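**Student:** What shape does this take:
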Amino acid sequence: MVRAFSILGVLLLAVGAARAQDLPPTDQAEQMKMLLERIQQLERRVNELEAKGPAEANPVYTASKSAAAPAQPPQETGAPAAAMHHDVEERAAATQTIQQLEPHYPSLQIRGFGDVDFSATDQKGTNSGFTLGQLDLHLASALSRKISYFGEITFNASPTGYGVEVERSIIKYDYNDYFKISFGRFHTPIGYWNTAYHHGAWLQTTITRPEIVRIGGVFIPVHFVGFLAEGNIPSGGAGLSYSFGVGNGRGTIISRPGDAGDNNDNRAWVANIYSRPQRLYGLELGASAYRDKITLPDGRNFRELITSAHVVWTKGSPEFLAEFANVSHRGVLTDLTTNSQGFYVQFAYRLPWFERTLKPYYRYEYIHTPLSEQVFTNQDVVGSIVGARYDISSYAAFKAEYRYTKHQILEPYVNGAFFQTAFTF
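**Tutor:** Numbering: from 1, shown residues only. Next up, the predicted model:
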């Protein structure tokens, strides 16, 4: 009887591990149902072995009782030996499966994004042609049950070769849903787009980002080096969440953060709060504030305050994104204050035909900087974009856009056609 229960335990362990490997981990109910059925079959098998007796069920037991007995013909001992051999194989497979299912640290996963673009405009001094977009690599690794690392590296084509940029490098401690703290280089949590869509063009509907959050732009600081605390706020159906960070802010070149250290003794801080109502899935309402002291290469200092708000509806039919930001600069010596405003409104709709692979869209964007602005100048933008995205698979898409924009009040509008194939791998 003890031997029978031992066999049953081994078989249950083997079958459970084997079925856990074969079945999808998300289908727990179906997995348990099949395991119970298999257990019942194994119980019937053990009962049959017990009825045959130990000598017949276990050839090892027989050998220990009559070591001097002549060897049995293969046809008489083949069936029990085969059953025992099968049990040993199942036990080995169960051990291997259990080892595979156990978490291992670190556990690195890599995902990549890329795009190839073509553009043609009627702007004087520019040439049409192809360009190779960013090659973007996402690196994610769990270091323990609550600690993880995330990195993002891009390879960027230029007339003189390729440049490598560490876009994000983050170590995160996930205490619970209400408090998570990270250290490293982030996308600054100002508004919506900058933290929802990252460097992979495949992630976003359009070919390019809006001007107020353009990579390499200066209107808002795209990157931030420091620490960031974030989490949910107990709020019932309101679905409130927050983030708050302190870091180096803008560098001497204001389009870049202080990766190698701040250029003054004043730390920047950023705060963001947003709501995702449970009853309106896809809706997000949020507001952000950013405070910093900017030191320009000529030694002038300015106090910077950025306030922003956004409303988004992220269902594909329809998709609606709207974001506004005001950038205020006050001279430390002159006390002169200027305010620059920028916003965009984007609408898209995934059509029900062609297996919902076609998604036309429209975006209007606007930036105004006053003539008295001293930190950044010539940032005025006004224009419209009409385009369509066609998903040729779950991992690749074609995009086509017509743009009608201008960057200065006195300059004429520029017409342009832009095309992109974006993909993830």
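**Student:** for residue 192, what are its contacts?
**Tutor:** By CB atoms under 8 Å, 6 or more residues apart in numbering, residue 192 lies in contact with 284, 286, 310, 312, 321, 323. To be clear about C-beta, it is placed using only N, CA and C from the backbone, and glycine gets the same treatment.
**Student:** again with residue 206
**Tutor:** 346, 361, 363, 385, 387, 389, 399, 401.
**Student:** which pair in the residues you listed spans the largest distance?
**Tutor:** Greatest spatial distance in the contacts of residue 206: 346 and 399, 13.6 Å, computed using CB to CB.
**Student:** Of these two, give the one with the bigger neighbour count.
**Tutor:** Counted by other CB atoms under 10 Å, residue 346 and residue 399 do not tie: residue 399 has more neighbours, with 25 against 21.
**Student:** If the closest residue to residue 361 other than its chain neighbours is in a bridge, with which residues?
**Tutor:** Closest residue to residue 361 apart from its sequence neighbours, by CB to CB, 6 or more residues apart in numbering: residue 348 at 3.6 Å. As for beta bridges, residue 348 partners with residue 319, residue 361 under DSSP bridges.
**Student:** so how far is residue 197 from residue 348?
**Tutor:** For residue 348, the distance to residue 197 equals 13 Å [CB to CB, to the nearest Å].
**Student:** Low-confidence stretches in this structure?
**Tutor:** The chain contains residues with pLDDT under 70 at 1-40, 42-43, 45-102.
**Student:** can you list the domains in it?
**Tutor:** Following automatic domain parsing, one finds the domains of the chain at 2-101, 113-129+199-424.
**Student:** any idea which of these is most buried?
**Tutor:** Mean neighbour count, computed with mean count of other CB atoms under 10 Å, is highest for domain 113-129+199-424 among the domains of the chain, reaching a mean of 17.
**Student:** what about that domain, start to end distance?
**Tutor:** 4 Å (CA to CA, to the nearest Å).
**Student:** Equivalent analysis for stretch 326-342, please.
**Tutor:** First-to-last residue span, stretch 326-342, CA to CA: 7 Å.
**Student:** I'd like to know how far the residue nearest to residue 276 when sequence neighbours are not counted sits from residue 337.
**Tutor:** In space, and not counting its chain neighbours, residue 276 is closest to residue 239: 4.0 Å by CB to CB, 6+ apart. Counting by CB to CB, the gap from residue 239 to residue 337 is 36 Å.
**Student:** Over to residue 148?
**Tutor:** On the measure of CB to CB, residue 148 and residue 337 end up 42 Å apart.
**Student:** can you check residue 350 too?
**Tutor:** Relative to residue 337, and taking CB to CB, residue 350 is found at 44 Å.
**Student:** next one: residue 105
**Tutor:** Distance, residue 105 to residue 337, using CB to CB: 51 Å.
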